[in-house]
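Undergrad: coordinates for the following, if possible.
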Amino acid sequence: MARNFDSFVILADMRTGSNALEERLNDYAGLTSHGELFNPGFIGKPGTEALFGLTLKERDADPLRLIEAVQKATKGLAGFRLFSDHDPRMLDHVLSDRKTAKIILTRDPLDSYVSLKIARATNQWWLGDLKRAKSEKARFVPDEFEAYLAGRAAHLGRIRHRLKSTGQVPFEIRYEELGDADVIAGLARFLGAKDLAEETTQKGRVQNPVPLSEKVVNPAEMKAALEARAPVDLDAVPDFEPPRGPNVPSFLASRRHPLLYMPVKCAADLVVEDWLAALDGGPAEALETGFTQRKLRGWKRTAGTHLSFTVVAHPVARAHEAFCRFILPTGDGAFTGIRSTLRRSYGVPLPEDPADPGFDTKAHGAAFLAFLRFLKGNLSGQTAIRIDGAWASQTATVQGISSFGPPDRVLRAEDLEAELAAIAARLGADAPPLPHHEASFHGLDEIYSGVIERAARRAYQKDYMMFGYGPWRAG
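TA: Model (predicted):
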C-alpha cells in the first residue's frame, strides 16, 4: 500500500454516520480506524478507559503519546474519529499535520439534530440489527436547533479555512454517500489502499429510516420554523437502498424477433418468459440468454431496430410473489437460509412444512405481514440479510437496468395482456395468449387487508410514489 500519509482522521460529529464510515474503511486491507480516541469520557469506544498502554489520565496529559502508540501498534495506516467536542488540542494538531489525511464527513444538520435527540432519548447510539431497534420521537426546539446549526457551521468553517489557508486538500464525503461502494473505494485509494480485507467488519445498521415528519412530535411547528429559512420537504422518503447494477445476464431475447426483455424479478417475470417463448414457438430454454454487456451490444447491433421492455407490478403483489416463491417453500430454489433466519431472528411465523393443513389463510396472512415488516427494515439497511433482487425496490432495479440502457417500454403487470399484444402487433406477429401460472399457496386476494396494504406501502414508499400505485385491487 502506497504511504502518502502516516495516519488519517475522520472529522465528523455525532449522528453523521461516522460509525458506518469507520466500518467501511476498516474493510480495506491496511486501514484501521480506532474510534473516538480523544472523546473526553473514554478512549476509542464507550467503557474503554485504557488503550495501547495509556490510561485516560495519561492520554489527557499528553495526547500525542497516544497517537504515537496507535501508529506503532497498527499494521498499515491508523486513523480515528474526531468530533467538535473532543480534545481541541488534537484538532489543532491534525489540521497542522500534512501527513495526516483529512476526511470531512457531513450530514444535513436537521437530520443529525433530530437523530441526536432520538439517540439521547433511547440511549441507542448504534444499531446492529432491526430486531434490537428502539423507537422514540424527538421534539424540535427552534432556538436549540439554531444554536446547534451555528455550532456546526462554525466548526466546519474553521476546519475548511485552516485547510485552505495551508494548501491541504481533504476528502469530503456526505452521509448519503456512505452506501456508495464506488465512493468508499475512491476514499480508500485517497488513503493509499485498494484491496478489501478477507473479512468484513460492517455490523452497524440504519437506525431511523423514516421521513423527518415521522421522527418528531411537533412536525407542523418544525416546518413553520424551518420555512422561515427555506422551504423544506419533511415527508421526503429517505433512501438507504444501495444502487443495483443492470443484471444483464438475466436479460432474455427472442430468436425470431428483435425483442429484448429486461426482467424485474417477481414482477410477472415467469409469465413474460413463457409468453416470449410462445411468441418464438418454442420452449423457454430456446430463448437467447447468457448475455454479457459486450454480447448484448453485439445483439443490439445485429438486431438493428429493436424493442426492449421491462415489467413492474404493484408492490404488494410483487412482495407476495417473492414470499411465495422464495420464502414460504422449503424445496429447490427456495431461500432456505434466509427462511430460517426470518423464523429465528425476525419473528416471521413460517411453518416447518408449508403444506401443513394448519397453515391456513389466517396463518399465511400473518406470516406475509411479518415478512413485509421485515422488508421495511431490510430495504432501509437495518438488517444483516442481503437485499435480494426478488424484493429489491423496483425503482432501484429499473434504475440499475437503465445504467446500461433504458428500456423502450415499462409495462405494468396488471395490463400485461394488452401491453404484450401491442408489442407483438408492432413486430408484425400474432400475440400468443398470456400464460397462466397456478398459485402454489394461498392467493393474495384471500389474505389481503388494509393492514397488509399499509405495511407494503411503508416498505415500498418510493415504488408507490415513483410508479403511482394506489391500493391493490384483485385483477
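Undergrad: how about the contacts made by residue 352?
TA: Residue 352 is in contact with no residue at all, counting by Cβ atoms under 8 Å, 6 or more residues apart in numbering. To be clear about C-beta, it is placed using only N, CA and C from the backbone, and glycine gets the same treatment.
Undergrad: from residue 9, how far out is it?
TA: Remark: distance between residue 352 and residue 9 (Cβ to Cβ, to the nearest Å) = 52 Å.
Undergrad: please apply the same query to residue 258.
TA: 56 Å.
Undergrad: tell me where the stretch 301-450 of the chain has helices.
TA: With DSSP state H, counting those that start in this stretch as the criterion, the stretch 301-450 of the chain has helices at 315-322, 336-345, 361-379, 394-402, 416-426, 444-447, 450-459.
Undergrad: in CSV: these, plus distance to residue 76, mean neighbour count and mean pLDDT.
TA: Below are those laid out as CSV (distance: least, Cβ to Cβ, whole Å; neighbours: other Cβ atoms under 10 Å; pLDDT from 0 to 100):
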stretch, distance to residue 76, mean neighbour count, mean pLDDT
helix 315-322, 41, 24, 97
helix 336-345, 34, 15, 90
helix 361-379, 33, 20, 94
helix 394-402, 34, 20, 95
helix 416-426, 54, 16, 95
helix 444-447, 53, 17, 94
helix 450-459, 40, 18, 95
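Undergrad: could those be laid out in a markdown table, adding distance to residue 306?
TA: Converted to a markdown table, those look like this (distance: least, Cβ to Cβ, whole Å):
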| stretch | distance to residue 306 |
| --- | --- |
| helix 315-322 | 27 |
| helix 336-345 | 37 |
| helix 361-379 | 33 |
| helix 394-402 | 15 |
| helix 416-426 | 11 |
| helix 444-447 | 34 |
| helix 450-459 | 35 |
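Undergrad: of all the ones you listed, which one is nearest residue 279?
TA: Ranking those by proximity to residue 279 (Cβ to Cβ) places helix 416-426 first, at 6.4 Å.
Undergrad: alpha carbons of that closest one, as PDB, please.
TA: Provided in PDB are the C-alpha atoms of helix 416-426 (Å, rounded to 0.1, in the frame of the first residue of the first chain):
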ATOM      1  CA  LEU A 416     -49.800  -7.100 -19.300                       C
ATOM      2  CA  GLU A 417     -52.100  -9.000 -21.800                       C
ATOM      3  CA  ALA A 418     -53.000  -5.800 -23.700                       C
ATOM      4  CA  GLU A 419     -49.400  -4.400 -23.500                       C
ATOM      5  CA  LEU A 420     -47.800  -7.500 -24.800                       C
ATOM      6  CA  ALA A 421     -50.400  -7.800 -27.600                       C
ATOM      7  CA  ALA A 422     -49.400  -4.300 -28.700                       C
ATOM      8  CA  ILE A 423     -45.700  -5.200 -28.800                       C
ATOM      9  CA  ALA A 424     -46.500  -8.300 -30.900                       C
ATOM     10  CA  ALA A 425     -48.500  -6.300 -33.300                       C
ATOM     11  CA  ARG A 426     -45.700  -3.800 -33.700                       C
END
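Undergrad: any weak-confidence spans in this protein?
TA: Scanning the chain for pLDDT under 70 picks out 1-3, 124-134, 197-209, 228-240, 475.
Undergrad: can you map out the strands along it?
TA: Listed in chain order, the strands found in the chain under DSSP state E are 7-11, 31-33, 50-51, 54-55, 77-82, 100-106, 171-174, 252-253, 259-261, 307-312, 409-412.
Undergrad: just put those strands in CSV and tack on distance to residue 246.
TA: Converted to CSV, these look like this (distance: least, Cβ to Cβ, whole Å):
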stretch, distance to residue 246
strand 7-11, 33
strand 31-33, 30
strand 50-51, 46
strand 54-55, 51
strand 77-82, 35
strand 100-106, 30
strand 171-174, 25
strand 252-253, 14
strand 259-261, 12
strand 307-312, 11
strand 409-412, 15
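Undergrad: among those, which is nearest residue 386?
TA: Here strand 307-312 is closest among these (Cβ to Cβ), at 21.5 Å.
Undergrad: who touches the closest one?
TA: Strand 307-312 has contacts (Cβ under 8 Å, 6+ apart) with 258-264, 267-269, 272, 318, 394, 398, 401, 405, 407-413, 416, 423, 426-427, 463, 467.
Undergrad: domain parsing for this protein?
TA: Annotated domains of the chain cover 7-227, 244-468 [automatic domain parsing].
Undergrad: got the ones you listed as a markdown table, with distance to residue 474 columns?
TA: Shown next, in a markdown table, are these (distance: least, Cβ to Cβ, whole Å):
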| stretch | distance to residue 474 |
| --- | --- |
| domain 7-227 | 30 |
| domain 244-468 | 4 |
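Undergrad: spatially central residue for this structure, please.
TA: By Cα atoms, centre = their mean, the chain has its centre lying nearest to residue 241, at 2.4 Å.
Undergrad: these two touch, right, that one and residue 381?
TA: Yes - if you go by Cβ atoms under 8 Å, residue 241 and residue 381 touch, sitting 7.4 Å apart.
Undergrad: tell me which residues of whichever helix in the chain runs longest are tucked away?
TA: Taking DSSP state H as the criterion, the chain has its longest helix at helix 142-165. Burial within helix 142-165, assessed by neighbour count using 16 or more other Cβ atoms under 10 Å, is assigned to 145, 148, 152, 155, 156, 159, 162, 163.
Undergrad: which residue packs closest to residue 335, ignoring adjacent ones?
TA: residue 326 (4.6 Å; Cβ to Cβ, 6 or more residues apart in numbering).
Undergrad: need the contact list for that neighbour.
TA: 333, 334, 335, 338, 388, 390.
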